[in-house]
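Visitor: structure of the sequence below:
(chains A and B)
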Amino acid sequence: MFLEIKDLSVKIENKNILKSLNLNINKGEVHAIMGPNGSGKSTLANVLAGKEDYEILNGRINFKDNDLFDLNIEERAQEGMFLAFQYPVEIPGVNITPFLHSAINSKRKRMNEEEIDNLSFAKLLKSKASDLGINIDMLKRSVNTGFSGGEKKRYEILQMSILNPDLAILDETDSGLDIDALKIVTDGVNKLKTNDNSFLIITHYQKLLDYIKPDYVHVMVNGSIVKSGGSEIAAEIEKDGFQKFQ
Amino acid sequence: MNIQDNYIKNKKNIFFSENKDIQTHREKLINIFDNDRLDKKNNESLKNINLKNFIDFKYKYLISEETSVINNNQENSYSIVSVNGQCSSFKDDKIEITKILDEDYNDFSKNDTIENDDHFVNLNSLFLNSGFKIVIKKNNNIKIKISNIITDDDLTIFQKNNYICEEGSSLNLIEEYENKNNSTSNILNVIKLEKDSQLNHFLIQDNSPNHNLIITSHSSCKKDSTYTQKVYNFSEGYVRNFHYSELLEANSEADLQGIFFLKDNNLSNNKTFVKHLAEDCKSNQVYKGILNDSSKATYFSNTHVDQVAQKTEGYQLSKGILLSDNSSYFSKPELKIYADDVKCSHGSTIGPIDENAIFYLRSRGMSKTAATKILISSFINEELNSIDNEQMSEIIQKKLVRYLSKVK
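Guide: Reported below is the predicted structural model:
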């Protein structure tokens, strides 16, 4: 199993958020999690990425034969996990290019691969940015600083395509995107999709799933997955909302 | 030992002790200290520091006569090694360097517009034992680098330097303070900018834990002149940076900036004070601090706008990153505005490093230490990028790397 979440319960500040959650993802699969506001979708994404604000009450997570809780935040990233943030953090003064260069090399180092030099990295970055319709001038700016909502999401996908993760978690990447930006972002995801990597897509709406075809759709309500199935579930939600699952 | 006894004991070695006028002035100063009238509650020069440690000299007072080295290898560029607060005389058609004179002392101490409630400045006037005067002659464009060296161990220096930029002149001044021996330096720089002159003043402070540096400056700007001061404090010993500026005539500007990097149990007290005394003048006061371990800092910023100083622009900003729960940074901005057509602002932000930013960077594979370091560097990125002198930039970068190497 590529990612196995078993009986996971999580709380934050005395509030139970995830309750005995189970989820399995195999290599090459695209899973979508849909759910109403406050159902725990982003908590799941943050717990997977290693955010330290949460208290794990019960359960375990295996990722690529590792006990995920044995790995800290950066080790999870270096092992091939990537979280595209719902609200990417603005970091004034940290330039995009050296930051991403350092990020890719930290991963290569862990994998005992040769580090990528400045020139090769610049070429790679330029070509990936061009694929995503990102202006080269944007790469001279500070991380997410002064970016519009759409630019921030596009930049998340650029980072994803550079880091080429084994498991990408997209936390409401569609929110705040107009239809053109949504197409560019989802094209980027589809280009990256292979039989060796997996995606966990968190969204409220079916719209995103018109562009990225999931193998499985899960409905999450009140901290647990209450229904799993194929794309037909997304259509059902689009028609009737989440009410009937609650 | 009380201050009176200390004064009498050292009198014969104090500069200008034969001058009756100066004697009278000093006796008045002694009274301030002696009569227990020190306002420890409100006086900013007495906050977070034990003045007594500086009145009872920890180190010896008499300094030996030393010859400083002045090099003029490149055109318009001078390199000076000032030894124990002294500088040899030098003169060419662009600059003139002399010892400090009685008249320079009086010029400062009898100036009514200068605040006289800074007791470290008063101590400096009382026990003056070194100093020099540098005049940049009219319409010259000069670079000076001064390395302030203390050769004797266990020395107490009270140094007063006068800098005069004559009309139309421009001075780029780099001062280095890198002392490793037991000593205390109390330095007052009195800086005068005449009409249409400019001074870019960089102070690099990197002393060892056993050296105390108390540095004060009083700059005054006449019409169309600009004073820019940038302080980089990497010292492991105590440093006090108090810098006062007066905008005397129209279209003059003062820009007082500082960055301090503290660790261990170190303390740094900082103050900037800009007095707007004429119309159409601008001022900027920005201090940023990074505090690790149990270090502490204070920063008082003050803008005073006189009623004649219409169209004033005066900005203040204080920012601090606390890297440990035991570090603390106290910041107090103050504005006194008596004119009605002004643009003034102040801001102060102090707190731990942004945990969300750390999480974001780590989620891309960066270690916590690397993420912390990159965020510290980004915090002062603007200030580092604004250094237009390549040599200076390299020096600061090296010291920053050294500081960051201790950050976990």
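Visitor: packing partners of the host helix or strand of A:V47?
Guide: With elements delineated by DSSP states H and E, A:V47 resides in helix A:41-49, which encompasses its position. Counting contacts by 3 or more CB pairs under 8 Å, 6 or more residues apart in numbering or on different chains; DSSP states H and E, helix A:41-49 is packed against strand A:3-12, strand A:15-25, strand A:55-63, helix A:73-78, strand A:81-84, strand A:167-171, strand A:198-203. Any C-beta I mention is one placed from the backbone N, CA and C, and that applies to glycine too.
Visitor: let's see 7 Å
Guide: With contacts defined as 3 or more CB pairs under 7 Å, 6 or more residues apart in numbering or on different chains; DSSP states H and E, the secondary structure elements packing on helix A:41-49 are strand A:15-25, strand A:81-84, strand A:167-171, strand A:198-203.
Visitor: now the element after the last one, going C-ward?
Guide: I take that to be strand A:198-203. Next along the chain from strand A:198-203, counting by DSSP H and E, comes helix A:207-211.
Visitor: show me what counts as buried in that next one.
Guide: Residues of helix A:207-211 classed as buried under the neighbour-count rule (16 or more other CB atoms under 10 Å in any protein chain shown) are A:208-209.
Visitor: any idea how far the helix or strand just after it is from the chain center?
Guide: Heading C-terminal from helix A:207-211, the first helix or strand you meet, by DSSP H and E, is strand A:216-221. Distance, stretch centre to chain centre, for strand A:216-221: 16 Å (CA atoms, centre = their mean, to the nearest Å).
Visitor: list of residues touching strand A:216-221?
Guide: Under the contact criterion CB atoms under 7 Å, 6 or more residues apart in numbering or on different chains, strand A:216-221 has outside partners A:23, A:29, A:31-36, A:39-41, A:225-231, A:233-234, A:237, A:242, A:245-246.
Visitor: hmm, 8 Å instead?
Guide: A:21, A:23, A:29-36, A:39-41, A:44, A:209, A:225-234, A:237, A:242, A:245-246 (CB atoms under 8 Å, 6 or more residues apart in numbering or on different chains).
Visitor: do stretch B:95-103 as well
Guide: Stretch B:95-103 has contacts (CB under 8 Å, 6+ apart) with B:15-16, B:19, B:21-22, B:70, B:78, B:80, B:86-91, B:128, B:131-137, B:140, B:142, B:144, B:160-162.
Visitor: check contacts around the residue in chain B positioned nearest to chain A.
Guide: Scanning chain B for proximity to chain A using CB to the nearest CB identifies B:S378 as nearest, at 2.9 Å. For B:S378, the set of contacting residues under the criterion of CB under 8 Å, 6+ apart consists of A:91-94, A:142.
Visitor: any chance of those residues in a markdown table, with secondary structure, distance to A:L71 and pLDDT too?
Guide: Compiled in a markdown table, the contacts of B:S378 are given as follows (DSSP: H, G, I helix; E, B strand; the rest coil; distance: CB to CB, whole Å; pLDDT from 0 to 100):
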| residue | secondary structure | distance to A:L71 | pLDDT |
| --- | --- | --- | --- |
| A:I91 | strand | 23 | 94 |
| A:P92 | strand | 29 | 91 |
| A:G93 | strand | 29 | 89 |
| A:V94 | strand | 24 | 92 |
| A:S142 | strand | 29 | 92 |
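Visitor: quick check: residues of the stretch 301-408 of chain B near chain A?
Guide: Counting by CB under 8 Å from any CB of the partner chain, the residues of the stretch 301-408 of chain B close to chain A are B:354, B:356-357, B:359-368, B:370, B:374-375, B:377-382.
Visitor: let's see that with 10 Å instead.
Guide: Neighbours of chain A within the stretch 301-408 of chain B, by CB under 10 Å from any CB of the partner chain: B:354-368, B:370-371, B:374-382, B:384-385.
Visitor: after the host helix or strand of B:I164 comes which helix or strand?
Guide: B:I164 is located in strand B:155-165, with elements delineated by DSSP H and E. For strand B:155-165, the succeeding helix or strand toward the C-terminus, using DSSP H and E, is strand B:170-177.
Visitor: and stretch A:104-112, does that touch chain B?
Guide: Yes - judged by CB under 10 Å from any CB, stretch A:104-112 comes into contact with chain B through A:104-110.
Visitor: sorry, back to before: near chain B, list only the ones from the contacts of B:S378.
Guide: For chain B, the contacts drawn from the contacts of B:S378 by CB under 10 Å from any CB are A:91-94, A:142.
Visitor: between those residues, which is closest to B:S183?
Guide: A:G93 (36.5 Å; CB to CB).
Visitor: ok, and the closest non-adjacent residue to the closest residue to chain B within chain A?
Guide: With CB to the nearest CB as the measure, A:G93 is the residue of chain A nearest to chain B, at 2.9 Å. Once its chain neighbours are removed from consideration, A:G93 has its nearest residue in B:S378; the separation is 2.9 Å (CB to CB, 6 or more residues apart in numbering or on different chains).
Visitor: just the CA trace of the helix or strand that neighbour falls within, in PDB.
Guide: When secondary structure is defined by DSSP H and E, B:S378 falls within helix B:368-379. What follows is helix B:368-379, C-alpha atoms only, in PDB (Å, rounded to 0.1, in the frame of the first residue of the first chain):
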ATOM      1  CA  LYS B 368      13.700  23.700  10.600                       C
ATOM      2  CA  THR B 369      17.100  25.300  11.100                       C
ATOM      3  CA  ALA B 370      17.500  26.200   7.400                       C
ATOM      4  CA  ALA B 371      13.900  27.600   7.400                       C
ATOM      5  CA  THR B 372      14.600  29.700  10.500                       C
ATOM      6  CA  LYS B 373      17.800  31.100   9.000                       C
ATOM      7  CA  ILE B 374      16.200  31.900   5.700                       C
ATOM      8  CA  LEU B 375      13.400  33.700   7.500                       C
ATOM      9  CA  ILE B 376      15.900  35.700   9.600                       C
ATOM     10  CA  SER B 377      17.800  36.700   6.500                       C
ATOM     11  CA  SER B 378      14.500  37.700   4.800                       C
ATOM     12  CA  PHE B 379      13.500  39.900   7.800                       C
END
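Visitor: list the buried ones in the helix or strand following it?
Guide: Toward the C-terminal end, the helix or strand that comes next after helix B:368-379 (DSSP H and E) is helix B:381-385. By neighbour count, with 16+ other CB under 10 Å as the criterion, the buried positions of helix B:381-385 are B:383-384.
Visitor: so what does the helix or strand following helix B:381-385 touch, helix or strand wise?
Guide: Counting by DSSP H and E, the next helix or strand C-terminal to helix B:381-385 is helix B:390-404. The helices and strands touching helix B:390-404, judged by 3 or more CB pairs under 10 Å, 6 or more residues apart in numbering or on different chains; DSSP states H and E, are strand B:170-177, strand B:198-205, strand B:226-233, strand B:253-262, strand B:282-291, helix B:368-379, helix B:381-385.
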